[in-house]
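> Fold the following.
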Amino acid sequence: MRYYYLIAGLPDIQLEDPKGVSTMDALKTDLEEQLSDEDMKLLNLIYAKYDNRNLLFYLQNKDAELNPLGALKADDWKELVSLMEESEQPKDSRLLPYIPDYYQAYKDENVSFNGISDEDYLAGLYYEYAMQNNNEFLHNWFEFNLNINNLLAAIACRKYGFEPQQYIIGNNEIAQILRKSNARDFGLTGIFDELDAVVKISEESNLLSREKQIDELKWNWLEEHTFFDYFTIERVLSFVLKCELINRWKPLTQEKGTKIFRELLDSLKEDVRFDE
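Down below sits the predicted model:
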């Protein structure tokens, strides 16, 4: 389906300029009125990450404040968790297929996720599901993000002496290589085009600058992979993903951003001391 009027009306946005960029909830509401049912499924797949996080929050605290970007509210999760307690494969259109799989593993006391955190285990299932999508653009986008995250995790593991098996998620080719490789280039030369760029970014000591460089890398990927998509759903999805990148930085004044990253640094230091 072509979206001539929708795409023609989209503003020209830049990563460093948050002015005029819609919030993610307003953007979704607007697009719901204009996209076909099939294309809405693609958009919902992007937003599913917020439901993933809300599920984790809900399982930890039934009264937790959930992210409004998630489609499922606390009452939904109450019903769905009850369904997943009754059946390993409940039939409910609100549940993406990997959610019951996660929940069954979560409630099994004999399952340790092989040392991987709950959040990373669920993220791995999410990426695997998303990469099965027939839309080539979304498949490639999720795999690109998975590869970046896994490479950064592998670099950190090598630097601090951690076991990569506990931090690498997913089962694509690059994930499998990173779990086993001791090579200087992680065995990815000629396999992952962004290898050098990600390694260089990982050497940035300023966390704020590093995060921004990662987002620039993702922004450039979106530009490159939709260059010839003029009025397609891929151009719409790319716009949504760009807005997400911009909205990530919107709330951060310099003072607030510095405070957040200091807290992140303190948290990382605590983690290192704990592992020692």
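> what ranges do the helices span in the stretch 101-250 of the chain?
Assigned by DSSP state H, counting those that start in this stretch, the helices in the stretch 101-250 of the chain fall at 118-130, 136-160, 173-180, 195-202, 207-225, 233-249.
> so where's the stretch 151-276 of the chain uncertain?
The stretch 151-276 of the chain contains residues with pLDDT under 70 at 252-276.
> circling back: go through the helices of the stretch 101-250 of the chain and name the closest to residue 57.
Evaluated over the helices of the stretch 101-250 of the chain, closeness to residue 57 peaks at helix 118-130, with 10.5 Å, by Cβ to Cβ. All C-beta spots, glycine's among them, are computed from the backbone N, C-alpha and C.
> so residue 162 touches residue 156, yeah?
Yes: with contact defined as Cβ atoms under 8 Å, residue 162 counts as touching residue 156 (7.2 Å).
> Pull out the buried positions in stretch 87-104.
90, 95-96, 98-103 (16 or more other Cβ atoms under 10 Å).
> per-residue confidence averaged over it?
Mean pLDDT, stretch 87-104: 95.
> ok, residue 240 - contacts?
Shown in contact with residue 240 (Cβ atoms under 8 Å, 6 or more residues apart in numbering): 24, 27, 31, 43, 46.
> Where does pLDDT dip in the stretch 1-150 of the chain?
For the stretch 1-150 of the chain, the stretches flagged by pLDDT under 70 are 110-114.
> quick one: what helix or strand has residue 68 in it?
Following DSSP states H and E, one finds residue 68 outside all helices and strands.
> In contact with it, which residues?
residue 25.
> before we move on, the earlier item: closest to residue 128 out of the contacts of residue 240?
So of the contacts of residue 240, ranked by how close each gets to residue 128 (Cβ to Cβ), first place is residue 46, at 15.8 Å.
> So that closest one sits against residue 239, correct?
No: using Cβ under 8 Å, residue 46 is not in contact with residue 239; the gap is 11.2 Å.
> returning to that earlier point: how about the helices of the stretch 101-250 of the chain, which one is nearest residue 74?
helix 118-130 (18.2 Å).
> Can I get that closest one in CSV, CA atoms only?
C-alpha atoms of helix 118-130 as CSV (Å, rounded to 0.1, in the frame of the first residue of the first chain):
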residue,chain,number,x,y,z
ASP,A,118,15.3,-11.7,32.9
GLU,A,119,15.2,-8.5,30.8
ASP,A,120,17.9,-9.7,28.3
TYR,A,121,16.2,-13.1,28.0
LEU,A,122,12.9,-11.5,27.1
ALA,A,123,14.7,-9.1,24.7
GLY,A,124,16.3,-12.1,23.0
LEU,A,125,12.9,-13.7,22.4
TYR,A,126,11.5,-10.4,21.1
TYR,A,127,14.4,-10.0,18.6
GLU,A,128,14.0,-13.5,17.4
TYR,A,129,10.3,-13.1,16.9
ALA,A,130,10.7,-9.7,15.1
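> Determine the angle, from 0 to 180 degrees, between it and helix 136-160.
150 degrees (axes from the mean of the first three to the mean of the last three Cα atoms, to 10 degrees).
> Could you single out the nearest of the buried residues of stretch 87-104 to residue 4?
Among the buried residues of stretch 87-104, residue 96 lies closest to residue 4 (Cβ to Cβ), at 30.9 Å.
> Let me see the contact set for the closest one.
Counting by Cβ under 8 Å, 6+ apart, residue 96 touches 48, 51, 129.
> just residue 248 next, same as before
Shown in contact with residue 248 (Cβ under 8 Å, 6+ apart): residue 215.
> what's the answer for residue 219, then?
Neighbours of residue 219 in contact, by Cβ under 8 Å, 6+ apart: 15, 242, 245.
> check contacts around residue 2.
So residue 2 contacts 231-232 (Cβ under 8 Å, 6+ apart).
> That one in helix, strand or coil?
coil (DSSP: H, G, I helix; E, B strand; the rest coil).
> Go ahead and flag the most central residue of the chain.
Centroid-nearest residue in the chain, with Cα atoms, centre = their mean: residue 49, separated by 6.2 Å.
> In this structure that one contacts residue 126, no?
Yes: using Cβ under 8 Å, residue 49 is in contact with residue 126, at 6.7 Å.
> Residue 39 contacts residue 1, doesn't it?
Yes: assessed by Cβ under 8 Å, residue 39 is found in contact with residue 1 at 6.5 Å.
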